[in-house]
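**Q** What follows is a predicted structure for the sequence shown.
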Amino acid sequence: MGLIVWLVIGGVVGWLASIVMRTDAQQGIFLNIIVGIVGAFIGGLLFGGSINNGAITPMTFLVSLVGAIILLAIVNLVRRGAVR
């Protein structure tokens, strides 16, 4: 059950981050899930290690979203040389 929750929350976080960074048209559901999960991991490393093993709360959701936005900013910087 935990894997399904990670996939759903990762998809939502990745989708919201792609809307914020204006890359939604370039990504499909699979990349949204990957961005959300990796973003949650990055956010957990930057803002507190317990996010990756804890319950889903508004704070952990926000930290995951910020991590996903940071990930997309880095990807945009590498691909285009500028953050949108």
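**A** Cool, the structure landed.

**Q** quick one: the helices in this structure?
**A** 2-20, 29-47, 58-80 (DSSP state H).

**Q** now the angle from the last one to helix 29-47?
**A** Relative orientation of helix 58-80 with respect to helix 29-47: 110 degrees, computed using axes from the mean of the first three to the mean of the last three CA atoms, to 10 degrees.

**Q** Report the inter-axis angle for helix 58-80 versus helix 2-20.
**A** Using the same axes, to 10 degrees: helix 58-80 against helix 2-20 is 60 degrees.

**Q** residues making contact with helix 58-80?
**A** With CB atoms under 8 Å, 6 or more residues apart in numbering as the test, helix 58-80 has contacts from 9, 13-14, 16-18, 20-21, 23, 35-36, 38-44, 46-48, 51, 54, 82-84. C-beta: built from backbone N, CA, C; applies to glycine.

**Q** Tell me which residues of it come out buried.
**A** 60-61, 63-72, 76 (16 or more other CB atoms under 10 Å).
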